[in-house]
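[1] I would like the atomic coordinates for the input below:
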Amino acid sequence: MTARHTRIGTALGELTVVADGDTLIGLYFPGHWYPPKADAIGPFVEAAADPVFARTAEELAEYLDGRRTTFDVPVALHGDDFQQRVWALLREIPHGETTTYGALAAQLGNPALAQRVGQAVGRNPVSVIVPCHRVVGSDGSLTGFAGGLRRKQFLLELEEPAEVKAGRLF
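    Reported below is the predicted structural model:
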């Protein structure tokens, strides 16, 4: 294992970013619900000195500036089979769109799995890049986000289509 980590300052706060080899395996907010164990993230390295971290920092900056809608940095997600299926569905949610936990459960073939889907979404190890923030409650409300609801709202507003922004009163 060649895991290592860095910290990247962003508009979302200082993110802890973890890579293994040439792939990104973790992106965590301050106060993240399920942070990685200290022994799983390897040594600290400077972001600029590591190609994976430098690319991640650049792509995140472009995304947060509104100049990027998808990410190209290679990602490896480690979880059980159910989590992998949920995380694959997250990656299919288009920029600027949302879905619900129930809709994801239905895509998996069982609408009764919505709570389990929510648990898998909450354990997404690569927040933002694997867009768990695009999943909302059945009534459209902001629910559960490992980085906190203020960050979720920020990300959704960042991705909000121009015509929707123009129609808002505030």
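
[2] Output the contacting helices and strands for the lengthiest helix in the chain.
    Scanning the chain for the longest helix, with DSSP state H as the assignment, gives helix 51-64. Applying 3 or more Cβ pairs under 8 Å, 6 or more residues apart in numbering; DSSP states H and E, one finds that helix 51-64 makes contact with strand 3-10, strand 13-20, strand 23-28. The way it works is simple: take the backbone N, C-alpha and C, and place the C-beta from them, glycine included.

[3] How far away from the center of its chain is that helix?
    14 Å (Cα atoms, centre = their mean, to the nearest Å).

[4] quick one: buried residues of that helix?
    52-57, 59-60, 63-64 (16 or more other Cβ atoms under 10 Å).

[5] what's the next secondary structure element after that helix?
    For helix 51-64, the following helix or strand on the C-terminal side (DSSP states H and E) is helix 81-90.

[6] Name the residues of the strand or helix carrying residue 155 that are buried.
    Here residue 155 sits within helix 149-159, counting by DSSP H and E. Buried positions in helix 149-159, judged by neighbour count with 16+ other Cβ under 10 Å: 151-152, 154-156, 158-159.

[7] again with stretch 96-110
    98-108.

[8] mind giving me the domain ranges of the protein?
    According to automatic domain parsing, the chain comprises the domains 3-64, 81-162.

[9] Put together TSV for the ones you listed, with distance to residue 71 on each row.
    Shown next, in TSV, are the domains of the chain (distance: least, Cβ to Cβ, whole Å):
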stretch	distance to residue 71
domain 3-64	5
domain 81-162	5
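
[10] Could you dump those domains into JSON lines with mean pLDDT and distance to residue 70 added?
    JSON lines is the format used below for those (pLDDT from 0 to 100; distance: least, Cβ to Cβ, whole Å):
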{"stretch": "domain 3-64", "mean pLDDT": "94", "distance to residue 70": "9"}
{"stretch": "domain 81-162", "mean pLDDT": "93", "distance to residue 70": "7"}
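
[11] show me what contacts residue 158?
    Neighbouring residues of residue 158 by Cβ atoms under 8 Å, 6 or more residues apart in numbering: 63-64, 66.

[12] could you redo the last one with a cut-off of 7 Å?
    Residues in contact with residue 158 (Cβ atoms under 7 Å, 6 or more residues apart in numbering) are 64, 66.

[13] separation between it and residue 140?
    17 Å (Cβ to Cβ, to the nearest Å).

[14] Then residue 3?
    According to Cβ to Cβ, residue 3 stands 38 Å off from residue 140.
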